[in-house]
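Asker: compute the structure for the input listed below.
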Amino acid sequence: MRKISNALLILMRPGALSLVVLVSCAATGTHAQTSRAAAGRVYSDSDAAPAASRTRTRTATADDRGALGDTPTDILHAAHTIYISPNQHINSDYLEYKLDKLPEFAQWQLSIVKNRDRADLVLEIKKTALNYIFSIVEPESSIVVAKGKVVAINGRVAAEDISHQIVKRMRAIRALPAN
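Answerer: Next up, the predicted model:
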């Protein structure tokens, strides 16, 4: 019974060598521990070297952006530029106008850019029936930092509601600067 449970543990480990070790253990009757040592592979998390943490580096296309962070809160707090992804449901120019009109947007020193490659955040909008579903994504890592839904009769009303929802979500994370 011990041989079978050890063989199943080996089979669950990643790697192509697992099946070979399983077959050889069953055929020769040796213990799985001996086969693991002979293979020279690391099978437990405690034996493995510590995993390298994910870090952001500057790229040629984003040379003015620094490290934004790894959590949605950090990313949203550090962002300075937003790109509004074009879609057929909302006029992106009108949404830009509505965002620029809000005082918090200017106080946080957020800018709207026309080049997706230069943006810290990308605003994407999809529509189902009267629901306008938006998500704000960090393009480098594809982390969704904020999302929401508004119900509106048309794109103009949706643009205004979405702009208010975005500021409301950001207000929970970013404080207004002291005057």
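
Asker: stretch 102-114: end-to-end distance?
Answerer: Chord length of stretch 102-114, first to last residue, is 19 Å (Cα to Cα, to the nearest Å).

Asker: max-length helix in the protein?
Answerer: The single longest helix within the chain, with elements called by DSSP state H, is helix 155-171.

Asker: for it, name the packing helices and strands.
Answerer: If you count contacts as 3 or more Cβ pairs under 8 Å, 6 or more residues apart in numbering; DSSP states H and E, helix 155-171 packs onto helix 92-101, helix 103-107, strand 121-128, strand 131-138, strand 143-151. To be clear about C-beta, it is placed using only N, CA and C from the backbone, and glycine gets the same treatment.

Asker: same question for it: list its buried residues.
Answerer: Applying a neighbour-count criterion of 16 or more other Cβ atoms under 10 Å, the buried positions in helix 155-171 are 155, 158, 159, 160, 161, 162, 163, 165, 166, 167, 169, 170.

Asker: contact partners of that helix?
Answerer: Contacts with helix 155-171, where a contact means Cβ atoms under 8 Å, 6 or more residues apart in numbering, come from 76, 89-91, 94-95, 98-99, 101-102, 104-105, 108, 123, 125, 127, 132, 134, 136, 146, 148, 150, 152.
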